[in-house]
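Student: Sequence and predicted structure below; questions after.
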Amino acid sequence: MSAEKLVAPTLGAWAAPRRVFGNAQRLLRTHAFRLAALYFLVFAVSVLGVLLFVYWTSADFVERQTEATLDAEITGLAEQYAQRGLSGLVQIVAARSAGDRGDGMLYLVTDPSGAPLAGNIAAWPTGVPARTGRLSFSTAARVKERIEAHPAQGASFIIPGNYRLLVGRDISDATGFRNRVRTTLVWAGLVALGVGLLGGTAMSRNLLRRVEQVNRTSERVMAGNLSDRVPLDGTSDEFDQLAANLNRMLDQIERLMTAMREVTDDVAHDLKTPLSRLRVRLELALLDPAVGSGQSEAIRAAIDEADRLLATFNALLSIAELESGARREESEALDLSEVARSAAELYEPVAEEKGFVLSLAAEPGVKVRGSRHLLSQALANLLDNALKYADRGEIQIRVQRGEGCAALEVTDRGQGIAEADRETVFDRFVRLERSRSTPGNGLGLSLVRAVMRRHQGTIELADNRPGLRVRLEFPELVT
Amino acid sequence: MKLLVVEDDRETALYLAKGLSESGYTVDRAGDGREGLFLATGGGYDAIVLDRMLPSMDGLAMLGALRAAGISTPALILSALGSVDDRVKGLRAGGDDYLVKPFAFSELLARLEALLRRGAGTAATTKLRVADLELDLLTRTVRRRDKPIDVLPREFRLLEYLMRNAGHVVTRTMLLEHVWDYHFDPQTNVIDVHVSRLRQKIDKSFDSPLLHTVRGAGYCLRPPEPQASR
């Protein structure tokens, strides 16, 4: 069906309550979940940032200090060598190596054969090439009574004459410190992320719960329970303020609705009373045996006119009541095919008499929630229209199960409605026929649309090639 | 037959009283709920016609008080409120029938008569008979002059309702309400066609028609008048 769709907006009159905690997929779509995820992400990034900074300023700082000390030492030795030559270098190395200064500095000067001349390392460390440059090596250190291999960092130099110099620093303390810092930071990070995850979940749950309260209340209000209010938890936070504001708004709406209902009731009462009086007067006049046959014809015509006026007036009031929600109609679980069957059965004889073939194709067990009275009236209006405007041919009522919806269709083989007019026909008093000679008040489709809005449903008009196809869609009731 | 009309609109009350008197009833009037309750409690009425919106005491409240006092006089509620909910509320409060304003006087009369008949109490019966037309509620068959007549289920219910109200006018609205359970008036004359189909079946091949159209009111199923049948 390629027809243009005219979808009436829905007013949640009889919405089936939605559950946000339905399944995980739905949870992923909730705003609260996304908020919590975002919160967690920002939290995680900032925690990681802080930890990296701490790591950099502590562990790396120690390392950089080692480098700086080494550089200073090398510069000092280079100056000594420049002023006093090799013997000066050996002297100063011997002086600095004497005793345990506790700064972990390591020195070694060897002759070309690799035999030590001075220093606090016994021999040139194995695996360390004899060249100028930075290096890492391992050194034997005495800790209490034991000899341990400690990591060290330093630089070696080839001094003219193939003498060699090694300056280094025992970095086992720095490495130990760095490892401790790393372990601490990893644990701190894990704890922070765990707390963040819990916090985010708790926050989103709390948020969701309060949003749900607002949602559920508004659904109940839309369903017609105007006196329902959002519960306050007394914290006067933003949510409480929102709830309080919503409640004040609902108070106002309730006041307006009550006033509107009173006005509608009063208008109905005030206008119907004199009309009813008029009608009774005319009818009583008919009872009078003195009234001649010509007069009684005139009186009957006047009664018919009054009836038409009243029918229009009643239809207008019904539409107004339905659209404002002021009209209360009990809603129940309905079998749509039963509603259709009943209406088809009522209209079948009159359709046949007018030369139509009225048929019903109803899928059984298509359930909706609504008012049998209103739906029957809507269907009757559609059938009245088909009988009035389609001349003859087939009129079909179809009840089907659509995609997540229940559909009721009435199709005829008349002239249909031009695409340009398919929106305006829902307006009050609109009749497409220019002469307005067919009886009717132009309120039939307005009422159908009001009924559909009341049922959270949609109405669309389409081309039946030829003819008109009116499709009503309802949220299907799953039992 | 003595009726009580409780209606605050003086003119409507006057005209109701006038019309009902002309139709052979004795009518008392009350202008508000308290007076109505007072009069109705005094008793002796066969039926009460009361407006739903009344000063000093709402019509439904009055009816509730009346029923609470154990007075079960049949009551017909008149109201400008026409939704099914309003109707249900009215009937729950103890009303026996509910008529939406504005109404045709003939409609009121027909319903009032039906109410009074119901008040008189009809014994549980399995067969309805009007002249030579017989309807068996158990076998769900219809016979006229012992000739079986084939009717559809809905036609059976239509005929049953007409026969239960035999001799009285039954309006189209009453038929829609009782046979189809519809509380609105379709624009098309759907009822007329159903009735004329039924008439085809029960009257066509017989010389004395039973089902009559009452102009401006509805239908009436009644035995032929003695002089007419001769």
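Tutor: Alright, I've got the coordinates.

Student: how much space between the residue of chain B found nearest chain A and A:Glu283?
Tutor: When scored by Cβ to the nearest Cβ, chain B has B:Pro102 as its residue closest to chain A, at 3.1 Å. Where C-beta positions appear, they are placed from N, C-alpha and C, glycine not excepted. From B:Pro102 across to A:Glu283, the span is 11 Å (Cβ to Cβ, to the nearest Å).

Student: what about those two, which has more around it?
Tutor: Of the pair B:Pro102 and A:Glu283, B:Pro102 is the one with more neighbours under other Cβ atoms under 10 Å in any protein chain shown, namely 26 against 23.

Student: pretty sure the more buried one is in a strand, no?
Tutor: No - under DSSP: H, G, I helix; E, B strand; the rest coil, B:Pro102 sits outside any strand and is assigned coil.

Student: How about it, nearest residue that isn't a chain neighbour?
Tutor: A:Ser276 (3.1 Å; Cβ to Cβ, 6 or more residues apart in numbering or on different chains).

Student: I'd like to know how far the one you found sits from A:Leu309.
Tutor: On the measure of Cβ to Cβ, A:Ser276 and A:Leu309 end up 12 Å apart.

Student: Tell me which of these two has more neighbours.
Tutor: For the pair A:Ser276 and A:Leu309, the greater number of neighbours falls to A:Ser276 (25 against 15), based on other Cβ under 10 Å.

Student: Touching, A:Val368 and A:Leu336? I think so.
Tutor: Yes - between A:Val368 and A:Leu336 there is a contact at 5.4 Å, judged by Cβ atoms under 8 Å.

Student: list the residues that contact both of the two?
Tutor: Counting by Cβ atoms under 8 Å, 6 or more residues apart in numbering or on different chains, the shared contacts of A:Val368 and A:Leu336 are A:Leu375, A:Ala406, A:Phe474.

Student: Next step: those restricted to helices.
Tutor: Cross-referencing the shared contacts of A:Val368 and A:Leu336 against helices under DSSP state H gives A:Leu375.

Student: Of the shared contacts of A:Val368 and A:Leu336, keep whichever come out buried.
Tutor: Buried by 16 or more other Cβ atoms under 10 Å in any protein chain shown: A:Leu375, A:Ala406, A:Phe474, out of the shared contacts of A:Val368 and A:Leu336.

Student: any chance you could map the helices in the chain?
Tutor: Picked chain A for this. Counting by DSSP H, the helices of chain A are A:24-29, A:31-55, A:61-97, A:172-222, A:238-287, A:293-324, A:336-353, A:372-389, A:444-454.

Student: Hmm, no, I was thinking of chain B.
Tutor: Going by DSSP H, chain B shows helices at B:10-22, B:33-42, B:59-68, B:84-92, B:105-120, B:153-164, B:172-175, B:190-203, B:226-229.

Student: among the helices and strands of the chain, which one scores worst on average pLDDT?
Tutor: Going with chain A. Lowest by mean pLDDT, DSSP states H and E among the helices and strands of chain A is helix A:24-29, with a mean of 66.

Student: got the residues of chain B near chain A?
Tutor: Contacts of chain B with chain A, taken as Cβ under 8 Å from any Cβ of the partner chain, map to B:9, B:11-12, B:15-16, B:18-19, B:22, B:53, B:80-86, B:88, B:101-106, B:154, B:180, B:182-190, B:192-194, B:197, B:216.

Student: Can you say which of these are buried?
Tutor: Of the residues of chain B next to chain A, these count as buried by 16+ other Cβ under 10 Å: B:9, B:12, B:15-16, B:19, B:53, B:80-84, B:86, B:101-106, B:154, B:180, B:182-188, B:190, B:193-194, B:197.

Student: Could you give the number of residues near residue 54?
Tutor: Let's take chain A. Neighbours around A:Val54, by other Cβ under 10 Å: 14.

Student: The intended chain is chain B.
Tutor: Neighbours of B:Leu54 (other Cβ under 10 Å): 23.

Student: surely it meets B:Gly33?
Tutor: Yes - if you go by Cβ under 8 Å, B:Leu54 and B:Gly33 touch, sitting 4.3 Å apart.

Student: So for those two, which residues contact both of them?
Tutor: Joint contacts of B:Leu54 and B:Gly33 (Cβ under 8 Å, 6+ apart) are B:Val6, B:Met62.

Student: that older thread, of the buried ones among the shared contacts of A:Val368 and A:Leu336, closest to chain B?
Tutor: A:Leu375 (11.2 Å).

Student: what's the closest non-adjacent residue to that closest one?
Tutor: A:Val339 (5.2 Å).

Student: Kindly report the same for B:Gly82.
Tutor: Nearest non-adjacent residue to B:Gly82 (Cβ to Cβ, 6+ apart): B:Val100, at 4.0 Å.

Student: Mind pulling the model confidence for residue 50?
Tutor: Picking chain A for this. The per-residue pLDDT reported for A:Val50 equals 90.

Student: Hmm, no, I was thinking of chain B.
Tutor: The model's pLDDT for B:Leu50 equals 92.

Student: so what's B:His168 up against?
Tutor: B:His168 touches B:Ala110, B:Glu113, B:Ala114, B:Arg117, B:Cys220, counting by Cβ under 8 Å, 6+ apart.

Student: How about the second one, nearest residue that isn't a chain neighbour?
Tutor: This points to B:Glu113. Nearest to B:Glu113 is B:His168, by Cβ to Cβ, 6+ apart, at 5.0 Å.

Student: What pLDDT does the model give the one you found?
Tutor: pLDDT, B:His168: 89.

Student: Dihedrals phi and psi, it?
Tutor: When read as degrees, to the nearest 10, the backbone of B:His168 gives phi -120, psi 160.

Student: Could you report the distance from it to A:Thr217?
Tutor: For B:His168 relative to A:Thr217 (Cβ to Cβ), the value is 52 Å.

Student: Also A:Arg178?
Tutor: In terms of Cβ to Cβ, A:Arg178 sits 58 Å off from A:Thr217.

Student: Enumerate the beta-bridge partners assigned to the residue lying closest to B:Thr213 once chain neighbours are set aside.
Tutor: Distance criterion Cβ to Cβ, 6+ apart; nearest residue to B:Thr213, sequence neighbours excluded, is B:Tyr219 at 5.9 Å. Per DSSP bridges, the residues bridged to B:Tyr219 are B:Val170, B:Thr213.

Student: Can you give me the domain boundaries for chain A?
Tutor: A:21-224, A:238-324, A:332-475 (automatic domain parsing).

Student: ranking those by burial, who's on top?
Tutor: Compared across the domains of chain A, domain A:332-475 shows the largest average neighbour count, a mean of 19 (mean count of other Cβ atoms under 10 Å in any protein chain shown).

Student: Can you give me the first-to-last residue distance of it?
Tutor: Domain A:332-475 has its terminal residues 14 Å apart, counting by Cα to Cα, to the nearest Å.
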